[in-house]
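> below are the sequence and a predicted model for it; my questions follow.
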Amino acid sequence: MSFKSLHLQWSKVSLLLLLLILVAIGAVPGYLSGKWRWAEPPKVATLSQLTKLRQVGLAVPGWQIVDRQTPQVGEHKWLMQEMVGAKQNKAILLLFPQKGNREQPEVEWSDVNGFQSWETDSDRQIEFTVSEPATKVTAQFFRGLTKPKPGSLQAIRRQTYAVLQWYAWSTGGHPAPSQWFFADRAAQWQNRRIPWVAVSVLMPIEPLDTIDQHWSEVESFAQSVQSTLMSGVLKP
């Protein structure tokens, strides 16, 4: 066996030993107390506020709620708000807040897309930042084109949206549940939790418009939504 191969194997063994030590250190307090950290995670401090959010809605600065509903989307009831801005610009906000201490953000975005009955294109991940406190959020950005129902008036003109989707939490956001998982596990070592809210923003656009033409407007609204959630139901 060459020295290089031996060194590589020793590095892998050293890494494995380090991981075992870290796991052991984390497990000892739970073992001695009879309570395993992952078996009984800390409670979500703002769970009651998250529950209330679905009932009373989310007041976004600079926007007026003109209609609020709780439609069935897949297996869950969401909060849906139709909103109008100061310049008479329109937006639809769909929110699904965490309901229980053990509930993880496993909402299928395909359920939301199916609820809207649309075709999508121009899919990409995009980032925006909330200034206070400085927080970076990654979201899924795409164009949604509604499918007209046979025999309906919608068949005359299909509605097109610029759509932004992400899971929001107190220190950021991402459309992938795994990103929240790592943040929540890190928080549990400090005996706290990371509450979350699934967010889907829809901005009506003209059929031939690109979503890039409307990014500034979508970003501004998304920043207000994230900031409002962070200062309210997601605040540690």
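In hand now; what should we look at?
> what mean pLDDT does the helix or strand containing Val225 get?
Assigned by DSSP states H and E, Val225 belongs to helix 215-231. Here helix 215-231 scores 97 as its mean pLDDT.
> packing partners for it?
strand 118-130, strand 135-146, strand 160-169, strand 196-205 (3 or more C-beta pairs under 8 Å, 6 or more residues apart in numbering; DSSP states H and E). The C-beta positions use only the backbone N, C-alpha and C, and glycine is treated the same way.
> could you rerun that using 6 Å?
Secondary-structure packing of helix 215-231 (3 or more C-beta pairs under 6 Å, 6 or more residues apart in numbering; DSSP states H and E): strand 118-130, strand 160-169, strand 196-205.
> same question for stretch 139-151, mean pLDDT?
81.
> please shift the residue numbers so they start at 13 in all later answers.
OK, 13 is where the count begins now, so the last one is stretch 151-163.
> one step back: what does the helix holding Val237 contact?
For helix 227-243, contacts defined as C-beta atoms under 6 Å, 6 or more residues apart in numbering pick out 72-73, 103, 140, 142, 149, 174, 176, 180, 182, 209, 213, 215.
> pull the most distant pair out of those residues.
Greatest spatial distance among the contacts of helix 227-243 (C-beta to C-beta): Ala174 and Ser182, at 26.1 Å.
> which non-adjacent residue is nearest Val85?
Spatial nearest neighbour of Val85, excluding adjacent residues (C-beta to C-beta, 6 or more residues apart in numbering): Phe127 at 4.5 Å.
> if I look at the one you found, how far off is Leu59?
As judged by C-beta to C-beta, to the nearest Å, Phe127 and Leu59 stand 25 Å apart.
> bridge partners for the residue positioned nearest the centre of the chain, pull those for me.
Residue closest to the average C-alpha location in the chain (C-alpha atoms, centre = their mean): Tyr179, at 0.6 Å. Counting by DSSP bridges, Tyr179 forms beta bridges with His186, Ala210.
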